[in-house]
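S.K.: 3D, please:
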Amino acid sequence: MAKKTKKAVLMLENGKKFYGKLAGSNYMCVGEIIFNTSMTGYQEIITDPSYFNQIVLLTSPHIGNTGINCEDNESNKIHLSGLILKNITKHPSNYKSKINLNKFLKKNNIISIYDIDTRKLTKIIRKFGTKIGCIFENKKKNYKKALKKIISFKNIIKEKKIKKISTKYIYIYKNLFKKKHKENKNSILNVIVYDYGIKNSILNILSNNNCKLIIVPSNTKIKEILKYSPDGILLSNGPGDPNEYKEESMIIKKILKKTKIPMLGICLGHQLLSLSSGMKIIKMKFGHHGSNHPVKELNTNKILITSQNHNFSVRMNKKINKKITVTHVSLLDNTIQGISIKNRNVISFQGHPEGNPGPNDANSIFQKFIRIMIKNKKKLEK
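M.R.: Numbers count the residues shown, from 1 in each chain. Predicted structure coming up:
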């Protein structure tokens, strides 16, 4: 006899409720609700550390069709708080699949609500902005608990999230899916990776391009990273409000002031680099989350279809116009998507050039960073 499906509730901070069915665990969760428009790549999304403390609403109506495999995780666990779906497939069909999504969520103690009007919820977020919500099993005793959790979450929403997900120690990254090619030891590039919530696919792309990756905690001092004679520095993606990360911003500012080391910032890394260079960061109404966002490369007028995941955007400060060059802008709302610092080997990109999930139009960002590092290394060796 089949088990009876449990009922679930999504409660918003304004008191509005959505009633649906429960998948995964029955562990009550609270978080900021954001919607993601990607049609594929749910495994990469739910294991992306950038979604820490968020509840993700997937607008694609059928999720779970390809199950969960061993290769596509972006980290070693699920970082989001909960998942909102229209339909969940409990019997996936894919040769790589090892476990279905429902079991994967349950194994990681993540609650999901499905069979709700995800279109209606998306419209609410688009109209009124990001909302705090709570998902719980539909039991009378849980309603008061959910309300308390929402109120409590409002008080801690600006906590320094990267402290909870950044590595606590320095280590050398080992690429389990490294492409086989002849490695020229003389061309190996030492790259310091500041871990604000780094994705595996970013590390794998650099590793496959002869980079030795030294992963360091988010607050590692400049003195420590110089011990590794870095050819470049990567400022990674991650969650949270960059305005709250004063220590990390100060470290980046010192690196810019005291060294000429090439740097690449991605997503949160782009925002922290911009902040450290005198630009402003503002919170967006509902952010960019999806894998179909058009971005224009201003130097070439080339249009890139990109993967995006951010709630904050960079604003130019008129006082530093001579110092910063805007390299990319969004064609959806004209927000800044990329910058470079004049007379410095420093670039950054707001979207996710690794494109996991999504297109790899912006992979050229990595290639540019590698060319910059190689050119700078040769220059220093002369």
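S.K.: three-state assignment of Lys154?
M.R.: Judged by DSSP: H, G, I helix; E, B strand; the rest coil, the three-state class of Lys154 is helix.
S.K.: Next: His79.
M.R.: coil.
S.K.: mind checking pLDDT for it?
M.R.: The confidence metric pLDDT takes the value 92 at His79.
S.K.: quick one: it and Ile45, what's the gap?
M.R.: Distance check for His79 against Ile45: by Cβ to Cβ, to the nearest Å, it reads 10 Å. C-beta here means a position set from N, CA and C on the backbone, and glycine is covered the same way.
S.K.: Looking only at neighbour counts, state which of these two leads.
M.R.: Ranked by neighbour count (other Cβ atoms under 10 Å), His79 and Ile45 place Ile45 first, with 26 against 23.
S.K.: My read is that the more buried one contacts Gln54, right?
M.R.: No - distance between Ile45 and Gln54: 10.5 Å, which falls outside the contact criterion (Cβ atoms under 8 Å).
S.K.: joint contacts of the two?
M.R.: The contact sets of Ile45 and Gln54 overlap at Leu80 (Cβ atoms under 8 Å, 6 or more residues apart in numbering).
S.K.: still on that earlier bit, mind listing the shared neighbours of His79 and Ile45?
M.R.: Tyr51.
S.K.: Contact partners for the one residue sitting closest to the centre of the chain?
M.R.: For the chain, the residue sitting closest to the mean C-alpha position, by Cα atoms, centre = their mean, is Ser50 at 3.5 Å. Contacts here follow Cβ under 8 Å, 6+ apart; on that basis Ser50 touches 79, 197, 199, 237-239, 267-268, 309-310.
S.K.: Dump these to a markdown table, plus secondary structure.
M.R.: Formatted as a markdown table, these follow (three-state DSSP):
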| residue | secondary structure |
| --- | --- |
| His79 | coil |
| Gly197 | coil |
| Lys199 | coil |
| Asn237 | coil |
| Gly238 | coil |
| Pro239 | coil |
| Cys267 | coil |
| Leu268 | helix |
| Asn309 | strand |
| His310 | strand |
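S.K.: From the residues you listed, list just the buried residues.
M.R.: Listed as buried from the contacts of Ser50 are 79, 197, 199, 237-239, 267-268, 309-310; burial here means 16 or more other Cβ atoms under 10 Å.
S.K.: closest to Asn334 among those residues?
M.R.: The closest of these to Asn334 turns out to be His310 (Cβ to Cβ; 15.2 Å).
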